[in-house]
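**Student:** I'd like to go over a predicted model; first the sequence, then the structure.
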Amino acid sequence: MSVQEQSALQDDGLSASCRFERWRDLVGRTRVTETTSAHVEAFTAELRLFDMGPAQLMATSFPSARFRRSERMIRSSDKELYHLTLLTAGSHALAGGDDQRETHGVGDLWLIDSSHPYDGRFCGAQVPGQEAPRAAGISVDLPISQLPVSPDRVRDLLGRRLSGRDGTGAVLADFLLSLERRAASLQPAEASRLGMVVVDLVSAWIARELDVENTLHPEARQQAMVESIRAFIRANLHDPELTPPTVAAAHSISVSYLHRLFTRYSDGETVSAFIRRQRLRKAHRDLADPALHSVPIHGIGVRCGIPGASEFSRAFKAAHGLSPREHRRQTLSKAADGATQIG
């Protein structure tokens, strides 16, 4: 496993102040800051740290908190790291040098580095399933030396509010969300390989924001292109006309180049196979969703880009070993039993 540390600092027998100190120590493994919170007396948090080879991945949720990094701290300890954050709950206000003031909301990305002072305030918001307001996010720490873009150029981006909802930012945000969900199950070699993908995507994102994509190594550009292709496919699974020619046209490349590029960075998997696998994965998830119980089974197939009822049933059973109807009945029955036991 690639989990470096995983802690649910809630009802764990520790006092609230001890939970806060434990959480602060874990956060301090990736960044040295003065960390404070107005909620120390009732503190709960979750934090997961993952070693991804060239990058460190952290996912955490917590009440409102403040992180301050001073010139004195920089002089004492500077690992020369970039810290990239994707906010998934709450809000964030950042004060930096030269009177910089920025605010960030859910879906925003921002980049800071360990070599410049900052003052960041996270404010919690109400989150479904949580009694108290929470702030939450996914962050990546990677050495400044790993990126091909000059730190002098990157300085223009530090602290700025950048969207994780469109363009290369959306590809990066989607990849981070997916990686965080899978990270605990990764073997070290796979985690390190995906850590390099993170470096390439961050490099491509920064280069696009600064309009200096010519500085990227060809492999970084190709990796970013493949992740963009995957994101496009996932966003268009409902379209039965989603085919390799459609994907190639959307990315202004030839079909032959699409096939060569995709199989190179997908362990030999073809574009068509990826589309089919993603469609059936979505169908598997949708059939188990109580909110979609009223949608007919053939309607789930349509939602996943497989409008033919018999084709959908055959493909689903071949992939998952059960017919769509059997899978829905089993998963919804288990969910109902669990709800009865809890009640």
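**Tutor:** Thanks, I have the structure now. Numbering: from 1, shown residues only.
**Student:** Now for Ile253, how many residues are close by?
**Tutor:** Neighbours of Ile253 under the rule other C-beta atoms under 10 Å: 15. Every C-beta, even on glycine, is put in place using the N, C-alpha and C of the backbone.
**Student:** Make 50 the starting number, not 1.
**Tutor:** With 50 as the first residue, the last one maps to Ile302.
**Student:** Over to it: give its phi and psi.
**Tutor:** Per-residue torsions, Ile302: phi -130, psi 160 (degrees, to the nearest 10).
**Student:** again, but for Arg270
**Tutor:** Backbone torsions of Arg270, given as degrees, to the nearest 10, read phi -60, psi -40.
**Student:** which residue ranges form the helices in the stretch 100-249 of the chain?
**Tutor:** Using DSSP state H, counting those that start in this stretch, the helices found in the stretch 100-249 of the chain span residues 120-125, 200-203, 216-231, 237-259.
**Student:** Measure how far the longest one is from the centre of its chain, please.
**Tutor:** To tie it back to what came earlier, the one meant is helix 237-259. Averaging C-alpha positions (C-alpha atoms, centre = their mean, to the nearest Å) puts helix 237-259 12 Å from its chain's average.
**Student:** pLDDT on it, on average?
**Tutor:** Helix 237-259 shows a mean pLDDT of 91.
**Student:** I'd like to know which elements that helix is packed against.
**Tutor:** For helix 237-259, the contact count by 3 or more C-beta pairs under 8 Å, 6 or more residues apart in numbering; DSSP states H and E identifies strand 94-101, strand 104-111, strand 184-192, helix 200-203, helix 216-231, helix 267-284 as packing neighbours.
**Student:** Could you dump the ones you listed into TSV with distance to Ser119 added?
**Tutor:** TSV is the format used below for the helices and strands packed on helix 237-259 (distance: least, C-beta to C-beta, whole Å):
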stretch	distance to Ser119
strand 94-101	23
strand 104-111	22
strand 184-192	19
helix 200-203	20
helix 216-231	28
helix 267-284	34
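**Student:** Deepest-packed of those, please.
**Tutor:** strand 104-111 (a mean of 23; mean count of other C-beta atoms under 10 Å).
**Student:** tell me what that strand is packed against?
**Tutor:** helix 65-76, strand 94-101, strand 184-192, helix 216-231, helix 237-259.
**Student:** Please state the offset of it from the chain centre?
**Tutor:** Offset of strand 104-111 from its chain centre (C-alpha atoms, centre = their mean): 10 Å.
**Student:** Quick one: the helices and strands packed on strand 104-111 as a markdown table, columns for distance to Thr84 too.
**Tutor:** As requested, the helices and strands packed on strand 104-111 are arranged in a markdown table below (distance: least, C-beta to C-beta, whole Å):
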| stretch | distance to Thr84 |
| --- | --- |
| helix 65-76 | 5 |
| strand 94-101 | 11 |
| strand 184-192 | 13 |
| helix 216-231 | 21 |
| helix 237-259 | 24 |
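**Student:** Quick one: closest of these to Ala332.
**Tutor:** helix 216-231 (18.2 Å; C-beta to C-beta).
**Student:** got the angle for the closest one vs helix 237-259?
**Tutor:** Orientation of helix 216-231 against helix 237-259 (axes from the mean of the first three to the mean of the last three C-alpha atoms, to 10 degrees) gives an angle of 160 degrees.
**Student:** quick one, helix 216-231 and strand 104-111 angle?
**Tutor:** Here helix 216-231 points in a direction 80 degrees away from that of strand 104-111 (the same axes, to 10 degrees).
**Student:** Could you pull up the mean pLDDT of helix 216-231?
**Tutor:** 92.
**Student:** Name the residues that touch it?
**Tutor:** For helix 216-231, the external contacting residues (C-beta atoms under 8 Å, 6 or more residues apart in numbering) are 97, 99, 101, 106, 108, 135, 137, 156, 158, 187, 189, 211-214, 243, 246-247, 250-251, 253-254, 257-258, 273, 276-277, 280, 283.
**Student:** Tell me which residues touch Ala91, please.
**Tutor:** Counting by C-beta under 8 Å, 6+ apart, the residues that Ala91 touches are Ala65, Pro112, Ala181.
**Student:** what ranges of the protein fall below the confidence cut-off?
**Tutor:** Within the chain, the segments meeting pLDDT under 70 span 50-62, 384-392.
**Student:** The contacts of Ala91 into JSON lines, with extra columns for distance to Ala174?
**Tutor:** What follows is the contacts of Ala91, written out as JSON lines (distance: C-beta to C-beta, whole Å):
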{"residue": "Ala65", "distance to Ala174": "21"}
{"residue": "Pro112", "distance to Ala174": "11"}
{"residue": "Ala181", "distance to Ala174": "10"}
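**Student:** Any quick ChimeraX command for the buried ones out of those residues?
**Tutor:** Selection of the buried residues among those in ChimeraX, burial being defined by 16 or more other C-beta atoms under 10 Å:
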select :112
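**Student:** just to revisit the earlier point, tabulate the helices of the stretch 100-249 of the chain (CSV), appending distance to Tyr131.
**Tutor:** Formatted as CSV, the helices of the stretch 100-249 of the chain follow (distance: least, C-beta to C-beta, whole Å):
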stretch, distance to Tyr131
helix 120-125, 14
helix 200-203, 8
helix 216-231, 13
helix 237-259, 8
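**Student:** right, and those - which one's nearest Trp72?
**Tutor:** Across the helices of the stretch 100-249 of the chain, Trp72 has its closest neighbour in helix 216-231 (17.6 Å, C-beta to C-beta).
**Student:** distance between the closest one and the chain's centre?
**Tutor:** 4 Å.
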